[in-house]
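Participant: From the sequence below, what's the structure:
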Amino acid sequence: MNAAAREQAARAYADREAIREALSAYFDALGRGDWVQIADGFTADAVLDYGTPGVRDVESNLRLLRTGVERLTVVSTLLGMQSRVATNGDEGTSQTLAFTAHLAAGEGPQRMRVSFVRYEDAWRREADGR
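Facilitator: Numbers count the residues shown, from 1 in each chain. Reported below is the predicted structural model:
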């Protein structure tokens, strides 16, 4: 492998790790209720599909997500090792499986909700390097 190919491979590896770190930061912020950090992870023109028909913008989706999460006393996520990340220049894609556990707040017996979720994301490096 020549020097240019090694440099390109190293840059692609660094980009994949940056995406994995951003995914981890998202789930960490979700568990802490850091809505500013969560919103900051999306571009202004991002389109989200969190499962609510007709709701695709970041602000509306995060408002619905926040309403749901704030009803919980515990939010925990285990990211799957099978997260696949691919990059091509300033763009990338990822598919991440996660196991989530949520403890609902409120009256009555405590209930734990667990689920497996699949996140499919498209990534783009902005002009400022983010």
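
Participant: Ala104 and Val114 touch, don't they?
Facilitator: No. Counting by C-beta atoms under 8 Å, Ala104 does not reach Val114; the two are 11.8 Å apart. Every C-beta, even on glycine, is put in place using the N, C-alpha and C of the backbone.

Participant: Need the phi and psi values for Trp123.
Facilitator: When read as degrees, to the nearest 10, the backbone of Trp123 gives phi -120, psi 150.

Participant: show me the contacts for it.
Facilitator: By C-beta atoms under 8 Å, 6 or more residues apart in numbering, Trp123 lies in contact with 19, 22, 87, 91-94.

Participant: For this structure, which segments are assigned as helices?
Facilitator: Remark: helices assigned in the chain by DSSP state H are 3-32, 35-40, 58-69.

Participant: With respect to Ala10, which of the contacts of Trp123 is nearest?
Facilitator: Nearest to Ala10, judged by C-beta to C-beta, of those is Thr87 at 11.9 Å.

Participant: Sheet partners, orientation included, of the helix or strand of the chain with the lowest mean pLDDT?
Facilitator: Across the helices and strands of the chain, mean pLDDT, DSSP states H and E gives its lowest value to strand 72-79, namely a mean of 81. The partner list of strand 72-79 in its sheet, established with DSSP bridges, is strand 91-104 (antiparallel).

Participant: Centroid-nearest residue for the protein?
Facilitator: Centroid check for the chain by C-alpha atoms, centre = their mean gives Leu23 as the closest residue, at 4.3 Å.

Participant: measure the residue lying closest to it once chain neighbours are set aside to Val58 for me?
Facilitator: The spatially closest residue to Leu23, leaving aside those adjacent along the chain, is Thr96, at 5.7 Å (C-beta to C-beta, 6 or more residues apart in numbering). For Thr96, the distance to Val58 (C-beta to C-beta, to the nearest Å) stands at 18 Å.

Participant: Compare neighbour counts for the two and give me the winner.
Facilitator: The neighbour comparison of Thr96 against Val58 (other C-beta atoms under 10 Å) goes to Thr96, with 21 against 17.

Participant: Report the beta-bridge partners for that one.
Facilitator: Counting by DSSP bridges, Thr96 forms beta bridges with Tyr119.
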